[in-house]
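Colleague: Build me a model:
(4 chains)
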Protein chains: 2
Amino acid sequence: MSVQKVDRRIARTKRMIREALAALIEEKGFESITVRDITSEADINRGTFYLHYQDKFDLLKKCENEFFQEIEDIAKDIKVNDIRKFSENQQPLAYSVKLLEYIKNNAAFMRAVLGPNGNVAFQIKLKEYIKTNIGKVFLKEAEGNKDRMKVPREYLLSYIVSAHLGVIQQWLQNELKESPQEIARYIGIITVEGPFQASGFKK
Amino acid sequence: MSVQKVDRRIARTKRMIREALAALIEEKGFESITVRDITSEADINRGTFYLHYQDKFDLLKKCENEFFQEIEDIAKDIKVNDIRKFSENQQPLAYSVKLLEYIKNNAAFMRAVLGPNGNVAFQIKLKEYIKTNIGKVFLKEAEGNKDRMKVPREYLLSYIVSAHLGVIQQWLQNELKESPQEIARYIGIITVEGPFQASGFKK
DNA sequence: TCATTAATCAACACAGCGTTAATTAAAAGG
DNA sequence: CCTTTTAATTAACGCTGTGTTGATTAATGA
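Modeller: Here you go, the predicted structure:
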């Protein structure tokens, strides 16, 4: 198959539109954005928008799909024994570091969709991703000891995934002050040792 | 101060509007709802809506405020030593049970604002509430042992709070099959013992 | 250089908004 | 019960945003 070269004008227009979208979501939330807002922020004609996207929902969906496409590749490298490694020498999980690095490199968009004016549907999809690629790895380890499972698997899983996302949101709110490695270490510590073992409460 | 008696017509109208809102949010999400949708669902004149609310955002805000007003009262009864009680005899935390009971009694609205078409701003406010009334109680216990704190307080707190909310959302998604007591027990087990102690992994 | 095609511009019908003035209907209170 | 008060209805207003179209201009790639 031949590689289609993209017209520079198209690339530029799409880039402007997406940058405008991220800026506007963060500014006032997706729901109150109009196509007019986007095109005037991007400094293009309103009609041009409709040459590329059906409406603002279509635009958001395409941005999200692009995101998931890209982090899907990250997931390919996950090592199942990551968690064992962590238990043994407290090394941050490789998957976490990569995901967090990606988030840091796309901070504007991530802050937009995960921040206070963000989008629940996106968060649900992201949780689904984390659940598939991360939670299950953790639980696989845990279920070796199934008879001692005190809480149904679905609740344990949703707990881990939500907690994961919570730390990421706190990090974004904290203006990405810490390094991805550091955050990955926090997640590892809390998730593997438990929040109160980590803080020194109990035993 | 004299108790103002509310005109039955007003009470009815407001009730219809709020029921319509919950139904519509769950159906297609807050952002794509129009005032027309609400008033036709509630079977009232569109003009009537504007006698009570400025716009749909005002309506949502007032519904949320009512919610927080009511759960604020619940928080008044929280006992600081709840967590100790749990550690000793695995009794569900009193605050949790009450909050979860309230959620169960207002399932339509809660499913609407916390579900897939829900509202991030509401979730943030709810997290804030949980953080204040629950997380801090947990952490107060934990911080007796401050020198063993491996993770910054803010991350630990956001972890606990997000995880909390995650279990609630899983519960709503699970159609409130379990009792509030049971869910409170799950939350207690996972939060105090840690997800992997709870599942039997490690040690 | 020149054919191709993206972007612009102006105009269209349409839908939802928020408001208003006149009217109808229901509730509260004597 | 009857009257006064006030909530709800109705129909219309101007305004803003939508999504589309046809004609025109300008940038791109070969």
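Colleague: Pass me the low-pLDDT residue ranges in chain A, would you?
Modeller: Low-confidence segments of chain A (pLDDT under 70): A:1-4, A:77-92, A:136-148, A:199-203.
Colleague: residue ranges for the helices of chain A, please.
Modeller: Ranges of helices in chain A, per DSSP state H, are A:8-28, A:35-42, A:46-52, A:56-75, A:82-89, A:94-105, A:107-114, A:120-130, A:136-142, A:153-173, A:180-193, A:195-199.
Colleague: Nearest the geometric middle of chain A, what residue?
Modeller: When chain A is reduced to its mean C-alpha position, the closest residue under Cα atoms, centre = their mean turns out to be A:Leu126, at 5.5 Å.
Colleague: Quick check: the residue nearest to it when sequence neighbours are not counted vs A:Ala94, distance?
Modeller: The shortest distance from A:Leu126 to any non-neighbouring residue, by Cβ to Cβ, 6 or more residues apart in numbering or on different chains, is to A:Leu165 (6.7 Å). Bear in mind the C-beta positions are built from the backbone N, C-alpha and C, glycine included. A:Leu165 is 19 Å from A:Ala94, where distance means Cβ to Cβ, to the nearest Å.
Colleague: now A:Leu21
Modeller: Taking Cβ to Cβ, one finds A:Leu21 at 31 Å from A:Ala94.
Colleague: which of these two has more neighbours?
Modeller: The residue with more neighbours, out of A:Leu21 and A:Ala94, is A:Leu21; 25 against 16, by other Cβ atoms under 10 Å in any protein chain shown.
Colleague: who touches the more buried one in this structure?
Modeller: Taking Cβ atoms under 8 Å, 6 or more residues apart in numbering or on different chains, we find A:Leu21 in contact with A:Ile33, A:Ile38, A:Lys56, A:Leu59, A:Leu60, A:Cys63, A:Ala112.
Colleague: top of the residues you listed by neighbour count?
Modeller: Using other Cβ under 10 Å as the neighbour test, the contacts of A:Leu21 are led by A:Ala112, with 25 neighbours.
Colleague: So which bits of chain A are right by DNA strand D?
Modeller: Residues of chain A found near DNA strand D (Cβ under 7 Å from any atom of the strand) are A:5, A:7-9, A:12, A:34-36, A:46-47, A:50, A:54-56.
Colleague: Report the two of the residues you listed separated the most.
Modeller: Taking Cβ to Cβ as the measure, those span a maximum distance of 32.9 Å, between A:Lys5 and A:Thr34.
Colleague: more neighbours, those two?
Modeller: For the pair A:Lys5 and A:Thr34, the greater number of neighbours falls to A:Thr34 (11 against 7), based on other Cβ under 10 Å.
Colleague: Would you quantify the distance from the more buried one to chain B?
Modeller: Going from A:Thr34 to chain B by Cβ to the nearest Cβ, to the nearest Å gives 12 Å.
Colleague: Apart from its chain neighbours, what residue comes closest to that residue?
Modeller: Nearest non-adjacent residue to A:Thr34, counting by Cβ to Cβ, 6+ apart: A:Lys56, 7.7 Å away.
Colleague: Now do the contacts for the one you found.
Modeller: Shown in contact with A:Lys56 (Cβ under 8 Å, 6+ apart): A:Leu21, A:Phe30, A:Ile33, A:Thr34, A:Val35, A:Ile38.
Colleague: at 7 Å what do you get?
Modeller: Shown in contact with A:Lys56 (Cβ atoms under 7 Å, 6 or more residues apart in numbering or on different chains): A:Ile33, A:Val35, A:Ile38.
Colleague: which one of the residues you listed sits closest to A:Ile103?
Modeller: Nearest to A:Ile103 among the contacts of A:Lys56, with distances taken as Cβ to Cβ, is A:Ile33, at 22.3 Å.
Colleague: quick one, what contacts the closest one?
Modeller: Contacts here follow Cβ under 7 Å, 6+ apart; on that basis A:Ile33 touches A:Leu24, A:Ile25, A:Lys56.
Colleague: Tell me how many other residues crowd A:Thr132.
Modeller: A:Thr132: 12 neighbours (other Cβ under 10 Å).
Colleague: ugh, typo on my part, it should be A:Asp43
Modeller: There are 8 residues near A:Asp43, going by other Cβ under 10 Å.
Colleague: Please name the nearest non-neighbouring residue to it.
Modeller: Nearest non-adjacent residue to A:Asp43 (Cβ to Cβ, 6+ apart): A:Met16, at 6.9 Å.
Colleague: do the same with A:Lys62
Modeller: A:Tyr53 (6.9 Å).
Colleague: Quick one: neighbours of the one you found, just the number.
Modeller: 19.
Colleague: ok, it touching A:Cys63?
Modeller: No: look at A:Tyr53 against A:Cys63 with Cβ atoms under 7 Å: they stay out of range, at 9.9 Å.
Colleague: isn't the residue nearest to A:Leu126 right up against A:Glu128?
Modeller: No: A:Leu165 is not in contact with A:Glu128 according to Cβ under 7 Å; the separation is 11.1 Å.
Colleague: separation between the residue nearest to A:Asp43 and A:Gly166?
Modeller: A:Met16 is 33 Å from A:Gly166, by Cβ to Cβ.
Colleague: A:Gln197 now?
Modeller: Separation of A:Gln197 from A:Gly166 (Cβ to Cβ) stands at 18 Å.
Colleague: can you check A:Leu59 too?
Modeller: Taken as Cβ to Cβ, the span from A:Leu59 to A:Gly166 is 28 Å.
Colleague: what's the answer for A:Ile134, then?
Modeller: From A:Ile134 to A:Gly166 the distance is 14 Å (Cβ to Cβ).
Colleague: Check A:Thr39 too.
Modeller: Per Cβ to Cβ, A:Thr39 is found 35 Å from A:Gly166.
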